[in-house]
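Colleague: requesting a structural model of the entry that follows:
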Amino acid sequence: MQQSRAVFSAIAEPALGRPAEPHCLPSNFKGRHLKVHCATRKSPRHIRRVVDTALDLSCQLPAGKHSAFLQKNLIDHFSSTNKQLAAFAPSQPHTGCISTAIIHSDLSYFARLRTFSVKLAAPRRLLGALNSRLYPSPTKHSRTFIPAFVTVAPSRPTSRLNLFSGHLDSKPFLELNTPFSTERSAHFEDDQGNIIKEQIPPEPEKVIEKEKQVPKKMSSQPPHPALLIPGPIEFDDAVLQSMSHYSESHVGQPFVNTFGDVLSNLRKLFQTTDPTSQPFVISGSGTLGWDQVAANLAEPDEEVLILHTGYFADSFADCFETYGVKATQLKAPIGDRPQLDEVEKALKEKKYKIVTVTHVDTSTGVLSEIQALSELVHRVSPDTLVVVDGVCSVGGEEIKFDEWKLDVVLTATQKAIGCPAGLSVLMASGRAIEVFKTRKTRPTSYFGSWKNWLPSKLNAPQFPSTLTSAPVMQNYEAKKASYFATPSPQLIHALDTALKQILSRPLEQRFADHKAASQKIKKAVADLGLKQLAAKPENQANTMTAIYLPEGTTPPDVIPSLLKKGVVFAGGLHKEIASKYIRLGHMGVSVTDPNRDDLTKAISALKESLVEIGKA
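Modeller: Got it, this is the predicted structure:
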C-alpha cells in the first residue's frame with residue numbers, strides 16, 4: 001500500500017458492546033465508528049474532507065438529545081489536540097449525530113511517515129452514506145468490485161472491514177453506489193440506535209450537488225517533488241493508472257486493437273495522412289531511433305551531415321560511425337544553431353545521404369527551425385533525406401510531417417508526449433522506406449532492422465531468402481495480430497491514454513500552451529538576472545530552458561536546495577560547460593493541467609535558493 005493513501009476502517013461494534021470512551025460519547029450511544037488514517041502531507045485536508053462530509057450528512061438525520069454534546073466534543077478535539085488541525089475545525093456546531101473520539105498523531109500505523117487519525121462515531125446508516133459520498137461507484141446498486149464498499153452487519157457484532165482507498169477526491173462526480181439507500185432499507189437509525197421508519201434519505205444526486213458546482217482535481221500519486229527535468233516528466237494520473245492494466249496476450253484482439261489505435265493516433269500527432277508513411281513503436285528508448293536510422297537508411301562509407309547544437313549531435317554522430325557511416329558535423333557556437341547559408345554551402349560541397357537535426361537539444365535548450373531547413377535541403381540536394389531528432393520536441397513543438405516534407409522524425413515517450421519511458425517512437429516517410437528497401441547491404445542490426453518490422457525483400461542477391469518479413473507494423477495498425485518481438489502491453493496502454501489526452505484538444509492549443517509556459521519561465525529567469533544558453537529568442541525551445549548560474553555557482557550549490565523546496569532540476573550536460581548551468585523542463589501536464597502549480601513553484605524555489613547562497 002502506498003504511504004500517501006488514506007486508510008479507512010469501518011468497525012462494527014455490538015449495540016451493547018465495548019464501552020465508548022467516557023470523554024467522547026455518552027455511555028448509551030449505540031452507533032458505529034469510522035476510523036480515518038491519513039498518511040500524507042495533506043492529512044488535515046483529508047480529515048477535513050471526511051469530517052465535513054460526515055457533518056453534512058448527519059444534518060439530514062433527526063437530531064437526538066445528545067447532538068449538542070457530540071458536536072461540541074468534535075470541535076473541542078479539533079481545537080485542543082493539534083494546532084495544525086485546529087484551523088480545519090468546523091466553524092459552527094451542526095445538529096446531527098456524529099462525534100470524534102480520537103484526533104492524534106499515529107506513528108504506529110505508518111512507521112516512516114507522520115500520520116493523523118480521526119475516529120468518527122455515527123449510526124450505521126450514516127457511515128454507509130458517508131462511504132457512498134466519498135467513494136462513488138460507476139454502476140448504481142452494483143456489488144461488483146468496489147474498493148471502498150462498506151458493509152456493517154448488525155448480526156455480526158465483531159465484524160470488521162478494512163478499506164484501502166484511493167484519493168478522497170478521485171472521480172467525485174460518478175454515480176454513487178447505494179448499499180444503504182432506500183432500495184435496500186427504508187429506515188434510518190437515530191443517534192441512540194433507535195429505528196426511525198418511513199424516514200426517506202436524501203437522494204445522492206442532491207447530496208453532492210454542492211460539490212458538483214465546485215469541481216476539484218487532486219493527484220492520487222504519492223507526495224513527491226515535482227519532476228521538472230527535461231525528461232522524464234510528470235505524468236497524468238490516468239496515464240500511470242493505465243500501466244496497471246492486467247496482463248494480456250500481445251497477439252490477442254483487445255491488445256491488438258489498442259496498439260492499432262496508438263499507431264493511428266501517432267499519425268495525427270505527427271500530422272501525416274500519407275498512406276506510404278509508417279509509424280513505428282518499438283520497445284526501447286529514444287536512442288533506439290538513432291540505431292534505426294543508422295542501420296536502415298545509411299550504408300557503410302556513405303556520408304551524413306549532422307547539424308550540431310549540443311551533446312546529442314555528438315551522440316548521433318557516434319551512432320552513425322558505429323555502423324561504418326562517415327559523419328560530418330556542422331557545429332554552431334554553444335547556444336546557437338547552424339545558419340541556413342552554412343548548411344547550403346555544406347550541401348553544395350559534398351553529396352550527403354542524410355542530414356540530421358536535433359529539433360530541441362536537451363543539453364542546451366536550442367530550438368532548430370526544421371521547416372526552413374527541410375525546404376533548403378529539398379531545393380539544394382533533393383535526394384538527401386531529412387531526419388529530425390524530436391525526442392524533446394514531439395508533443396510540445398509543432399511538427400507537420402507531410403507539409404514540411406520530413407523523412408524521419410524519431411522520439412521517445414517520456415518527454416512531451418507524457419508517457420513513462422520505454423518506447424521508441426518513429427515516423428518514416430514513404431521515400432525513406434523506399435531508400436531502405438533498395439539498400440545494397442544487409443542491415444547490421446537485428447532488433448532495429450526494419451526488415452523485421454516491415455514487409456520487404458531487399459535488393460540484395462546475396463541474401464535472397466532471409467530478407468523477407470511479415471508486415472508487423474502495418475498489421476498492428478490495421479488491427480491484425482502480428483509478431484516479431486514482444487511489445488510492452490502496459491506501456492502501449494499508457495501511450496494510448498497519453499495520445500488520446502493530447503488529441504482531445506486542438507494541437508494548436510497545446511503548442512500555444514507550451515509557448516506561453518516557456519515565455520513565463522524565460523521572463524522569470526531574466527527577472528532574476530540570469531541568462532540562458534540560447535541567447536536569441538528564435539533559438540529558444542518551448543519545452544525546456546537551460547539557465548546559466550551566477551558566476552562562481554555550480555549545480556551542486558543549488559539543486560539540493562531546489563529539491564528541498566519540492567522541485568527537481570537537472571544539472572548541465574554539455575561537456576564544455578556542464579558545471580556552469582542547470583536545466584528546467586516545462587512540458588506535458590506541468591504545462592497543460594491548470595490544477596498544477598509546478599512552474600510557479602519552480603520559479604519561487606529557484607529565487608529562494610539563490611537568496612540562500614547569496615547569489616540573488
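Colleague: from here on, just use CA atoms for contacts and neighbour counts.
Modeller: OK.
Colleague: by residue count, tell me the biggest helix in the protein.
Modeller: What stands out as the longest helix in the chain, according to DSSP state H, is helix 507-527.
Colleague: quick one: buried residues of that helix?
Modeller: Neighbour-count burial for helix 507-527, counted by 16 or more other CA atoms under 10 Å, picks out 507, 510-511, 513-515, 517-519, 521-522, 524-525.
Colleague: which parts of stretch 351-365 are buried?
Modeller: 352-365.
Colleague: next one: the closest residue to S368 other than its chain neighbours from Q339, what distance?
Modeller: Once flanking residues are discounted, S368 sits nearest to H359: 5.0 Å by CA to CA, 6 or more residues apart in numbering. If you measure H359 against Q339 using CA to CA, to the nearest Å, the figure is 14 Å.
Colleague: with T554 instead?
Modeller: Distance of T554 to Q339, computed by CA to CA: 31 Å.
Colleague: which one of the two has more residues nearby?
Modeller: Neighbours were tallied for T554 and for Q339 using other CA atoms under 10 Å; the higher tally belongs to T554 (18 against 15).
Colleague: gap between the more buried one and S242?
Modeller: Separation of T554 from S242 (CA to CA): 39 Å.
Colleague: how about E538?
Modeller: Noted for E538: a distance of 38 Å to S242, by CA to CA.
Colleague: which of these two has more residues huddled nearby?
Modeller: A direct count of neighbours by other CA under 10 Å for E538 and S242 places S242 higher, at 19 against 12.
Colleague: surely that one touches A498?
Modeller: No - when contacts are counted by CA atoms under 8 Å, S242 is not listed as touching A498 (9.4 Å).
Colleague: domains of the chain?
Modeller: 7-213, 226-231+505-612 (automatic domain parsing).
Colleague: which stretches in the stretch 351-500 of the chain count as helices?
Modeller: 370-380, 430-437, 472-477, 489-503 (DSSP state H, counting those that start in this stretch).
Colleague: which residues touch the last one?
Modeller: When you say that, I think you mean helix 489-503. 238-245, 247-248, 250, 255, 258-259, 261-262, 265-266, 268-269, 395, 413, 417-420, 422-423, 510 (CA atoms under 8 Å, 6 or more residues apart in numbering).
Colleague: may I have it as CSV, with CA atoms only?
Modeller: Output in CSV follows, covering the C-alpha atoms of helix 489-503 (Å, rounded to 0.1, in the frame of the first residue of the first chain):
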residue,chain,number,x,y,z
PRO,A,489,1.3,-4.1,-23.4
GLN,A,490,1.3,-1.9,-20.3
LEU,A,491,3.4,0.8,-21.9
ILE,A,492,1.3,0.6,-25.0
HIS,A,493,-1.8,1.2,-22.9
ALA,A,494,-0.2,4.1,-21.2
LEU,A,495,0.8,5.6,-24.5
ASP,A,496,-2.7,5.1,-25.8
THR,A,497,-4.1,7.1,-22.9
ALA,A,498,-1.5,9.8,-23.3
LEU,A,499,-2.2,10.2,-27.0
LYS,A,500,-5.9,10.4,-26.5
GLN,A,501,-5.4,13.1,-23.9
ILE,A,502,-3.2,15.1,-26.3
LEU,A,503,-5.7,14.7,-29.2
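Colleague: so it versus helix 507-527, what angle?
Modeller: Between helix 489-503 and helix 507-527, the angle comes out at 90 degrees (axes from the mean of the first three to the mean of the last three CA atoms, to 10 degrees).
Colleague: list the buried residues in helix 489-503.
Modeller: Neighbour-count burial for helix 489-503 [16+ other CA under 10 Å]: 489-499, 502.
Colleague: I figured E398 hits Q509, correct?
Modeller: No - between E398 and Q509 there is no contact under CA under 8 Å: 10.5 Å.
Colleague: ok, the spatially closest residue to G422 that is not a sequence neighbour - contacts?
Modeller: Closest residue to G422 apart from its sequence neighbours, by CA to CA, 6+ apart: G284 at 5.0 Å. By CA under 8 Å, 6+ apart, G284 lies in contact with 422-424.
Colleague: with those in mind, which one is nearest to W290?
Modeller: Closest approach to W290 among these (CA to CA): S424, at 9.8 Å.
Colleague: ok, that closest one - contacts?
Modeller: 280-289, 410-413.
Colleague: buried ones among the contacts of helix 489-503?
Modeller: Buried by 16+ other CA under 10 Å: 239-240, 242-243, 250, 255, 258-259, 261-262, 265-266, 268-269, 395, 413, 417-420, 422-423, 510, out of the contacts of helix 489-503.
Colleague: just checking, which of these belong to strands?
Modeller: Among those, the members falling in strands (DSSP state E) are L423.
Colleague: who are the contact partners of F484?
Modeller: Here F484 is in contact with 452-453, 472 (criterion: CA under 8 Å, 6+ apart).
Colleague: could you export those as CSV, including distance to Y323 and pLDDT?
Modeller: As requested, those are exported to CSV (distance: CA to CA, whole Å; pLDDT from 0 to 100):
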residue, distance to Y323, pLDDT
N452, 18, 93
W453, 20, 94
V472, 25, 93
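Colleague: quick revisit: lowest-confidence stretch among the domains of the chain?
Modeller: The weakest mean pLDDT among those belongs to domain 7-213, with a mean of 41.
Colleague: run through the bridge partners of V425.
Modeller: With DSSP bridges as the criterion, V425 is bridged to V281, T411.
Colleague: where's E342, which helix or strand?
Modeller: Applying DSSP states H and E as the criterion places E342 in helix 340-349.
Colleague: in that helix, which residues are buried?
Modeller: Neighbour counts using 16+ other CA under 10 Å place 343-344, 347 of helix 340-349 among the buried residues.
Colleague: then stretch 377-384?
Modeller: Result for stretch 377-384 [16+ other CA under 10 Å]: buried residues 377, 381, 384.
Colleague: could you pull up the mean pLDDT of it?
Modeller: 98.
Colleague: ok, now stretch 421-429?
Modeller: 98.
Colleague: in the sheet, who's paired with T545?
Modeller: L584.
Colleague: count of neighbours near it?
Modeller: T545, neighbours per other CA under 10 Å, totals 28.
Colleague: now do the contacts for it.
Modeller: Counting by CA under 8 Å, 6+ apart, T545 makes contact with 364-365, 518, 521-522, 532, 583-586.
Colleague: redo the residues you listed as CSV? Include distance to Q329.
Modeller: Output for these, formatted as CSV (distance: CA to CA, whole Å):
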residue, distance to Q329
T364, 17
G365, 19
S518, 29
I521, 31
K522, 29
Q532, 24
R583, 24
L584, 27
G585, 27
H586, 29
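Colleague: is it true that D361 touches G310?
Modeller: Yes - when contacts are counted by CA under 8 Å, D361 is listed as touching G310 (6.1 Å).
Colleague: any of the contacts of F484 buried? List them.
Modeller: Among these, the ones that count as buried (16+ other CA under 10 Å) are 452-453, 472.
Colleague: distance between the ends of stretch 547-557?
Modeller: One end of stretch 547-557 to the other measures 14 Å (CA to CA).
Colleague: and the contacts of that stretch?
Modeller: With CA under 8 Å, 6+ apart as the criterion, stretch 547-557 contacts 525, 530-533, 571-572, 579-584, 613, 615.
Colleague: mind listing what's buried in it?
Modeller: 547-549, 553-555.
Colleague: which residue is the nearest non-sequential neighbour of G448?
Modeller: That would be Q292: by CA to CA, 6+ apart, it lies 5.3 Å from G448.
Colleague: I'm done for today, thanks for sticking with me.
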